[in-house]
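Peer 1: mind looking at a prediction? Sequence and model below.
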Amino acid sequence: MKCIGVSPDEVAGISKYMAGDQPILPEISKKTQVGSSFEPNLEKIVELKPQVVFTYVKWPDPEKLERKLPDEIRVVRLDLYNPETMEREIKLLGRIFGKEKEAEEYAEFWFSKIREIEEKIKDLKEEERVRVYYEHGSKPYHTCSQGSGYHQLIEMVGGINIARGLVGGYPEVDPEWVIQQNPDVIVRDLYEHSGFGNPDLQPLQEATESLKERPGFGEIKAVKEGRVYTFAHSLWGGAFKNIGACFLAKVFYPELFKDLDPEEYLRKHLEKYLGVEYEKVKGAFIYPELPN
């Protein structure tokens with residue numbers, strides 16, 4: 001919403017998880033918390049008297065929200081983390097808030113680098129594409145499959161998600177299965193103590209090293225070749241998946257994307273669309289550093 005010019009004054013309440021966005025959303029992060037998208041606090045929502053409640057497409061169950069709220073409070077379900085629906089949803093927000101022009105511009109910016117990446121990888125043969133194992137930072141051996149935003153992101157920038165055929169969006173896998181798959185690259189994310197406003201690299205480094213030291217993982221190609229990376233979740237979660245795509249492209253195909261500068265793209269995203277000075281919120285985003 002902020003990226004398309006919606007004033008923070010129009011926000012009455014937020015999910016409790018948004019309180020952690022203080023570095024990049026200082027005004028909005030201080031708004032009244034109304035639970036989460038999984039467990040909304042209906043009493044607080046009603047007290048705030050909003051016209052519209054925004055939540056995810058899948059969460060929460062309508063029994064926990066729409067069917068319990070007064071008829072005058074509308075519920076709009078958007079994901080805003082799924083690359084396949086992102087453009088349509090940005091433009092829908094623009095129509096809702098009367099910011100159609102701003103939404104068009106932001107959608108164009110959001111997809112600009114992704115389109116450049118797609119153009120460069122379109123001629124890669126199957127055998128030239130890197131095989132990738134993604135791991136959810138807070139849940140060891142939980143990966144992503146078709147239907148998840150992370151799967152779409154990996155495949156969108158030319159990777160082959162080794163778990164793409166597994167059942168469920170975020171299936172749990174066996175350590176032996178990962179070893180047998182022998183991925184070219186391993187990426188995981190870290191939710192805490194990293195990202196915007198957190199400059200200490202140590203948590204990312206420890207997460208990377210602990211994964212490499214797991215029994216049997218020393219035989220995996222990604223570990224042998226030093227291609228195990230931990231990302232701050234804020235770098236490629238939610239609306240920042242366009243930024244995450246740039247970082248992943250550099251990790252997957254460093255030779256192909258020598259001229260791509262993800263950090264500069266992130267700077268523009270923050271300064272132009274969020275009104276935040278990059279140097280003031282710059283944090284530890286990835287370990288080890290991106291390939292040159």
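Peer 2: Okay, I see it. Residues are numbered from 1 along each chain as shown.
Peer 1: for the rest of this, base every contact and every neighbour count on C-alpha atoms.
Peer 2: Will do.
Peer 1: does anything pack onto the least confident helix or strand in the chain by mean pLDDT? Which helices or strands?
Peer 2: One helix or strand of the chain scores below all others by mean pLDDT, DSSP states H and E: helix 233-236, with a mean of 86. If contacts are counted by 3 or more Cα pairs under 8 Å, 6 or more residues apart in numbering; DSSP states H and E, helix 233-236 sits against helix 241-252.
Peer 1: go again with 6 Å.
Peer 2: Using 3 or more Cα pairs under 6 Å, 6 or more residues apart in numbering; DSSP states H and E as the contact test, no helix or strand touches helix 233-236.
Peer 1: residues near residue 55, how many?
Peer 2: The number of residues packed around residue 55, counting by other Cα atoms under 10 Å, is 20.
Peer 1: restricting to C-alpha, output the least confident helix or strand of the chain in CSV.
Peer 2: The C-alpha trace of helix 233-236 is given here as CSV (Å, rounded to 0.1, in the frame of the first residue of the first chain):
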residue,chain,number,x,y,z
HIS,A,233,13.7,-13.7,5.1
SER,A,234,12.8,-10.1,4.7
LEU,A,235,14.9,-10.0,1.5
TRP,A,236,12.7,-12.4,-0.4
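Peer 1: which parts of that helix are buried?
Peer 2: Going by neighbour count (16 or more other Cα atoms under 10 Å), the buried part of helix 233-236 is 233, 234, 235, 236.
Peer 1: between the residues you listed, which is nearest residue 117?
Peer 2: When these are compared for distance to residue 117 (Cα to Cα), residue 236 wins out at 15.7 Å.
Peer 1: which one is the closest one nearest to, not counting chain neighbours?
Peer 2: In space, not counting the residues next to it along the chain, residue 236 is nearest to residue 244; the distance is 4.1 Å by Cα to Cα, 6 or more residues apart in numbering.
Peer 1: and that neighbour, what pLDDT?
Peer 2: Reading off the per-residue confidence, residue 244 sits at a pLDDT of 94.
Peer 1: what segments of the stretch 51-200 of the chain are helices?
Peer 2: For the stretch 51-200 of the chain, the helices identified by DSSP state H, counting those that start in this stretch occupy 86-97, 100-121, 149-156, 175-181, in order along the chain.
Peer 1: mean confidence for the last one?
Peer 2: Throughout helix 175-181, pLDDT has a mean value of 99.
Peer 1: contacts for that helix, please.
Peer 2: Contacts of helix 175-181 from elsewhere in the structure, counted by Cα atoms under 6 Å, 6 or more residues apart in numbering, are residue 220.
Peer 1: and the helices of the stretch 51-200 of the chain, which one averages the lowest pLDDT?
Peer 2: helix 149-156 (a mean of 92).
Peer 1: run the angle between that one and helix 241-252 for me.
Peer 2: Our comparison of helix 149-156 with helix 241-252, counting by axes from the mean of the first three to the mean of the last three Cα atoms, to 10 degrees, yields an angle of 50 degrees.
Peer 1: any idea how far residue 10 is from residue 40?
Peer 2: Residue 10 sits at a distance of 19 Å from residue 40 (criterion: Cα to Cα, to the nearest Å).
Peer 1: swap in residue 212?
Peer 2: From residue 212 across to residue 40, the span is 38 Å (Cα to Cα).
Peer 1: re earlier: nearest to residue 266, of the helices of the stretch 51-200 of the chain?
Peer 2: The nearest among the helices of the stretch 51-200 of the chain, by Cα to Cα, is helix 100-121 at 10.6 Å.
Peer 1: per-residue confidence for the most centrally placed residue in the chain?
Peer 2: Of all residues in the chain, the one closest to the mean position by Cα atoms, centre = their mean is residue 237, 1.5 Å from it. pLDDT for residue 237: 76.
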